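**Q** Sequence and predicted structure below; questions after.
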Amino acid sequence: MNMSSKLLKPDSHLDLNSMKELPDSYAWSSSADHADGQNSSGSDPVPVINLEDPNVMMHVGHACKTWGVFYVMNHGVPMTVLDEMEASGRDVFSLPLDQKLRAARSADRVSGYGVAQISSFFPKLMWSEGLTIVGSPHEHAQKLWPQGHIHFCEVVEEYKKEMNKLANKIMWLVLGSLGITKGDIKWAGPTGELKEACPVLQLNSYPACPDPDRAMGLAAHTDSTLLTILHQNNTSGLQVRREGTGWVTVPPIRDALVVNVGDLLHILSNGLYSSVLHRAMVNRTQHRLSVAYLYGPPSNVRISPLSKLIDNSHPPLYRPVTWSEYLGTKAKHFNNALSFVRLCAQINGFVDVNDHSSVLVG
Ligand SMILES: C=C1C[C@]23C[C@@]1(O)CC[C@H]2[C@@]12CCC[C@@](C)(C(=O)O1)[C@H]2[C@@H]3C(=O)O
Ligand SMILES: O=C(O)CCC(=O)C(=O)O
Ligand SMILES: [Fe+2]
């Protein structure tokens with residue numbers, strides 16, 4: 001990333017839906033990098049995991065270790081809940097820009113409508129808009145639809161409820177694959193439901209783009225979460241970076257959701273499961289919508305490498321950090337953030353193996 005370039009004001013809002021040409025401020029133009037992004041069908045495919053498979057835990061562990069991303073099938077989330085969330089997302093983004101801007105995210109807040117938070121790290125703008133919902137959707141919905149927003153709020157609450165159930169299930173499969181049991185996680189509570197987790201819902205909209213080969217929907221990043229569950233509509237765009245292969249497209253599969261490992265799980269697993277670098281590309285004809293359920297721990301919990309994974313030959317690689325502390329580090333250092341909580345890196349000056357700061361901006 002060329003940090004010496006003049007950075008664009010990230011809150012410069014343009015109505016992407018009405019543009020016939022790609023403005024220079026949106027032209028990333030690293031075409032070689034864009035051309036990359038093969039479907040994984042040629043080689044090793046992104047794992048598709050059936051959550052009803054008797055060996056599901058082993059498959060989840062393997063996918064976390066080798067890919068950091070996988071699809072889940074038979075996830076138990078009703079199709080109606082997914083479809084309604086998608087339709088409600090469309091309702092938001094099809095509003096006129098001035099109406100969406102009533103719910104604009106202010107500089108000191110995480111939630112609200114606007115460009116991706118990571119925009120400030122890049123010299124070019126991304127071809128996307130988003131609505132970030134932390135906790136209740138009510139405040140934003142009321143600004144978007146002063147006359148009536150109950151349906152939107154109900155859809156979001158139902159979606160969050162279903163995603164929370166699924167995230168808990170997947171989280172225990174991930175932990176189980178590391179040999180961790182319910183008693184090992186203090187913040188799981190007596191029933192092991194990880195109840196206090198503090199989720200964030202991120203609605204992403206990528207309008208059809210007049211020059212998709214030079215544009216970028218959402219630049220390469222890792223999520224700061226434990227896990228992210230992504231519902232993409234039937235339009236391709238998500239790509240993950242794979243060591244030795246490059247960018248691999250993760251096309252939508254009907255009935256499947258995409259799960260990716262976030263930075264906090266990387267820390268918790270003491271680096272055994274690496275967070276995956278990913279990005280979203282855009283296309284010429286179709287509006288793409290995605291809904292990310294960003295799953296993290298309760299805000300007061302300090303995440304550190306699990307003690308069961310630590311011994312003399314496996315010292316802790318990261319210091320304890322809460323999600324909000326980590327978000328602060330991420331907001332300052334972006335894809336370099338893990339290095340700032342890494343113990344060995346601080347002591348010995350090593351570069352973090354999962355340090356993605358040198359990856360091309362695309
Ligand atoms: C809790 C958060 C994670 C996030 C930053 C945020 O404060 C709210 C939005 C999240 C998101 C979604 C799009 C990609 C991302 C990198 C971004 O710019 O905003 C993630 C952030 C993250 O995971 O670090
Ligand atoms: O839209 C996508 O495919 C990716 C979205 C994403 O990475 C995110 O919301 O963190
Ligand atoms: Fe992401």
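**A** Received it, and whenever you're ready, just let me know what you need. Ligands and ions are numbered 1, 2, ... in the order given.

**Q** so where's the stretch 51-200 of the chain uncertain?
**A** Filtered on pLDDT under 70, the stretch 51-200 of the chain yields the residue ranges 195-196.

**Q** Return the distance of the most centrally placed residue in the chain relative to Gln239.
**A** When CA atoms, centre = their mean is applied to the chain, the residue found nearest the centroid is Asp223 (4.5 Å). Going from Asp223 to Gln239 by CB to CB, to the nearest Å gives 14 Å. For the C-beta atoms, the positions are set from N, CA and C on the backbone; glycine is no exception.

**Q** Please name the nearest non-neighbouring residue to the residue nearest to the centre of the chain.
**A** Gly262 (4.1 Å; CB to CB, 6 or more residues apart in numbering).

**Q** Test my guess that the one you found contacts Thr228.
**A** Yes. Contact criterion CB atoms under 8 Å: Gly262 and Thr228 qualify, at 5.8 Å.

**Q** any residues in contact with both of these two?
**A** With contacts taken as CB atoms under 8 Å, 6 or more residues apart in numbering, Gly262 and Thr228 have Leu294, Tyr295 as neighbours in common.

**Q** So which elements touch the longest helix along the chain?
**A** The helix spanning the most residues in the chain, taking DSSP state H as the definition, is helix 150-177. In terms of contacts (3 or more CB pairs under 8 Å, 6 or more residues apart in numbering; DSSP states H and E), helix 150-177 is packed against helix 56-66, helix 79-93, helix 138-144, strand 200-206, strand 227-232, strand 288-295.

**Q** Could you give me the buried positions within the helix or strand that the longest one is followed by?
**A** Counting by DSSP states H and E, the element after helix 79-93 in chain order, helix or strand, is helix 97-100. Using 16 or more other CB atoms under 10 Å as the test for burial, helix 97-100 gives Lys100.

**Q** Tell me which helix or strand comes right after helix 97-100.
**A** Immediately after helix 97-100, counting by DSSP H and E, sits strand 112-114.

**Q** quick one: the next helix or strand after that next one near ligand 2?
**A** Counting by DSSP H and E, the next helix or strand C-terminal to strand 112-114 is strand 129-134. No. Interface with ligand 2: strand 129-134 contributes nothing (CB under 6 Å from any ligand atom), its closest point being 7.3 Å away.

**Q** now stretch 73-91
**A** No. Taking CB under 6 Å from any ligand atom as the criterion, stretch 73-91 and ligand 2 are apart, separated by no less than 11.1 Å.

**Q** and that stretch, how far from the chain's centre?
**A** The chain centroid and the centroid of stretch 73-91 are separated by 17 Å under CA atoms, centre = their mean, to the nearest Å.

**Q** Is there any residue in it that contacts ligand 1?
**A** No. Stretch 73-91 is not in contact with ligand 1 by CB under 6 Å from any ligand atom; minimum separation 14.0 Å.
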